[in-house]
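[1] can't give you the sequence, but here's the structure:
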């Protein structure tokens with residue numbers, strides 16, 4: 001109930017990270033928000049399969065009181081003998097087998113999780129149907145690149161929407177409050193920089209590279225754009241003057 005300190009700030013000192021942004025909202029959705037229901041459903045189905053397997057292997061029994069040997073009945077091990085005083089004193093308690101279609105349900109959960117998150121067997125190189133000898137390298141790279149598109153989107157949202165903003169805030173705090181010189185290694189050697197002399201910055205650039213084929217894909221697109229520019233005489237002359245090639 002007491003204010004300890006009052007400070008004046010130039011901007012809000014918080015940075016938000018959102019993998020899946022929502023227009024018009026400060027907070028987007030996380031991976032947890034995307035797959036919570038699927039995780040709960042998958043856990044429930046898997047638990048039902050395990051419980052049913054236990055019920056099939058370790059059955060319950062119906063026994064007439066006083067007509068069986070209690071110790072032998074409690075020793076529920078493979079090949080154990082249950083001694084009984086009268087025929088039919090011990091019987092197996094029936095259980096309900098699992099309904100058909102649970103395998104399809106688990107496959108649906110996994111496929112829906114891959115679609116929502118973008119993390120799939122293809123993107124991780126685990127899909128045997130893609131990595132076969134009769135598939136060319138170009139086809140394999142194309143399939144993996146398409147599978148990684150959603151992962152790239154999440155990485156860029158985190159990097160450009162959160163990391164860049166946080167690093168810019170740290171940079172401003174260093175400019176305003178740091179007192180000791182900053183040691184920077186450059187091609188000319190080690191330099192000592194006064195934090196007060198750092199230039200003002202309004203944005204940060206973050207480079208993200210997801211997958212080994214992304215750089216090759218960017219280089220191919222730049223090459224196509226360069227060839228298109230060379231078809232224009234004015235642009236071709238400009239590129240030659242700039243020493244682009």
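    Here it is on my side, so go on. Computed from a predicted structure; not experimentally measured. Residues are numbered from 1 along each chain as shown.

[2] Residue 156 in helix, strand or coil?
    helix (DSSP: H, G, I helix; E, B strand; the rest coil).

[3] Helix, strand, or coil at the nearest residue to it once chain neighbours are set aside?
    Nearest residue to residue 156, sequence neighbours excluded (C-beta to C-beta, 6 or more residues apart in numbering): residue 208, at 5.4 Å. From N, CA and C alone the C-beta is placed, and that goes for glycine too. Counting by three-state DSSP, the backbone at residue 208 sits in coil.

[4] Ends of stretch 168-188, what's the gap?
    With C-alpha to C-alpha, to the nearest Å as the measure, stretch 168-188 spans 26 Å from end to end.

[5] Buried residues, that stretch. List them.
    With burial defined by 16 or more other C-beta atoms under 10 Å, the residues of stretch 168-188 counted as buried are 168-169, 171-172.

[6] Tell me, how many residues neighbour the residue nearest to residue 19 when sequence neighbours are not counted?
    Spatial nearest neighbour of residue 19, chain neighbours left out: residue 154 (4.5 Å); criterion: C-beta to C-beta, 6+ apart. The number of residues packed near residue 154 is 18, by other C-beta atoms under 10 Å.

[7] which residues sit in contact with residue 154?
    Residues near residue 154 by C-beta atoms under 8 Å, 6 or more residues apart in numbering: 19-20, 118.

[8] Tell me the helices and strands packed up against the longest helix along the chain.
    The helix spanning the most residues in the chain, taking DSSP state H as the definition, is helix 31-57. Helices and strands touching helix 31-57, as assessed by 3 or more C-beta pairs under 8 Å, 6 or more residues apart in numbering; DSSP states H and E, comprise helix 102-117.

[9] Quick check: what element follows the longest helix of the chain along the chain?
    Next helix or strand after helix 31-57 toward the C-terminus (DSSP states H and E): strand 61-63.

[10] residues making contact with that next one?
    With contacts defined as C-beta under 8 Å, 6+ apart, strand 61-63 is touched by 73, 82, 84, 89-93.

[11] what do you get for stretch 70-87?
    In this structure, residues lying in contact with stretch 70-87 by C-beta under 8 Å, 6+ apart are 58, 61, 63-64, 66-69, 90.

[12] same deal with stretch 186-203?
    In contact with stretch 186-203 (C-beta under 8 Å, 6+ apart) are residues 164, 168, 171-172, 174-175, 178-185.

[13] same thing but 6 Å
    Stretch 186-203 has contacts (C-beta atoms under 6 Å, 6 or more residues apart in numbering) with 171, 174-175, 178, 181-182, 184.

[14] what do you get for stretch 39-51?
    With contacts defined as C-beta under 6 Å, 6+ apart, stretch 39-51 is touched by 102, 105-106, 109.

[15] And for stretch 97-110?
    Contacts of stretch 97-110 (C-beta under 6 Å, 6+ apart): 38, 41-42, 45, 52.

[16] right, and the pair among the contacts of stretch 186-203 with maximum separation?
    Of all pairs drawn from the contacts of stretch 186-203, the greatest distance, 16.0 Å, lies between 171 and 181 (C-beta to C-beta).

[17] hmm, back to that, taking the contacts of stretch 70-87 together, which two end up most distant?
    Greatest spatial distance in these: 58 and 66, 24.0 Å, computed using C-beta to C-beta.

[18] Residue ranges in this protein under the pLDDT threshold?
    In the predicted model, the chain carries pLDDT under 70 at residues 120-147, 209-216, 234-236, 238-245.

[19] sorry, back to before: looking at the contacts of stretch 97-110, which one is closest to residue 218?
    For the contacts of stretch 97-110, the minimum distance to residue 218 (C-beta to C-beta) is 33.3 Å, reached by residue 38.

[20] That closest one contacts residue 114, correct?
    No - counting by C-beta atoms under 6 Å, residue 38 stays clear of residue 114, with 10.1 Å between them.
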